[in-house]
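**Student:** This is the structure alone, sequence omitted:
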Ligand SMILES: O=C(O)CCC(=O)C(=O)O
Ligand SMILES: [Fe+2]
């Protein structure tokens, strides 16, 4: 028997598409001039994007010196500098839409893409700010598109700000197709992390778009 074409099998909602950002982005004002924007379900139909990224990106393990030895950083990485071809065409569309939406407020374009692969719940990134470069001294933005398993992006005010400790942070769920943008002073006055989880989660790929000179 030959397979017949069955249009009803296609769920239109599963078609790859990015929603317009205007009117869909929700901003959370944090302390000290930091904020985060959220757009849930920005990228629809992202199963194929996840598959492509898992298969085609030349993922590399990062080593980091800790005391007297090098240790594996528990996630895989790949960095796309300005003007390098992104590993899926929808990522270029995402970059273009982000630039349309944020250009005026950011005052410059997002140009680089850092990709991270969290293979399972044991992969994580510890508390940090993206403070290599200008994020250390000036307001900037880092836009993160997530595909794959749900994880949590945790945010908390930096202890070094000298303010009362124990101030409540934020735990933002980041799921398949979601966009989160950290802005204002977020990189220098707040830290963020992807905590490990004991839940049985599959892979998550995070795509972080940044302006030049921010890492
Ligand atoms: O995985 C994420 O969404 C965050 C990654 C991150 O904070 C970083 O690589 O600087
Ligand atoms: Fe970061």
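**Tutor:** Sure, I can see it. Values in this document were obtained by computation on a predicted structure and should not be read as measured data. Ligands and ions are numbered 1, 2, ... in the order given.
**Student:** For residue 21, what is the enclosing helix or strand?
**Tutor:** For residue 21, there is no enclosing helix or strand under DSSP states H and E.
**Student:** burial count for it?
**Tutor:** Applying other CB atoms under 10 Å, we find 17 residues neighbouring residue 21. Placement of C-beta: from N, CA and C, glycine included.
**Student:** residues contacting the closest residue in space to it that isn't next to it in sequence?
**Tutor:** Take residue 21 and drop its neighbours on the chain: the residue closest to it by CB to CB, 6 or more residues apart in numbering is residue 101, 4.2 Å away. Neighbouring residues of residue 101 by CB atoms under 8 Å, 6 or more residues apart in numbering: 21, 22, 25.
**Student:** Tell me the one among these nearest to ligand 1.
**Tutor:** Among those, residue 25 lies closest to ligand 1 (CB to the nearest ligand atom), at 17.0 Å.
**Student:** Next, work out how far apart that closest one and residue 200 are.
**Tutor:** According to CB to CB, to the nearest Å, residue 25 stands 31 Å off from residue 200.
**Student:** cool, and residue 118?
**Tutor:** Between residue 118 and residue 200 the computed distance is 13 Å (CB to CB).
**Student:** again with residue 106
**Tutor:** Relative to residue 200, residue 106 is positioned 38 Å away (CB to CB).
**Student:** so where is the chain shaky, pLDDT-wise?
**Tutor:** 1-13, 65-69, 71, 164-166 (pLDDT under 70).
**Student:** Output the set of residues of it in proximity to ligand 1.
**Tutor:** 114, 116, 125, 130, 144, 153, 192, 194, 206, 208 (CB under 6 Å from any ligand atom).
**Student:** neighbour-wise, which of the residues you listed leads?
**Tutor:** residue 192 (24 neighbours).
**Student:** Just confirm that one contacts residue 154, I think it does.
**Tutor:** Yes - with contact defined as CB atoms under 8 Å, residue 192 reaches residue 154; the gap is 6.5 Å.
**Student:** Common neighbours of these two, please.
**Tutor:** The contact sets of residue 192 and residue 154 overlap at residue 127 (CB under 8 Å, 6+ apart).
**Student:** what helix or strand is the residue nearest to residue 21 on?
**Tutor:** For residue 101, the enclosing helix or strand under DSSP H and E is helix 89-106.
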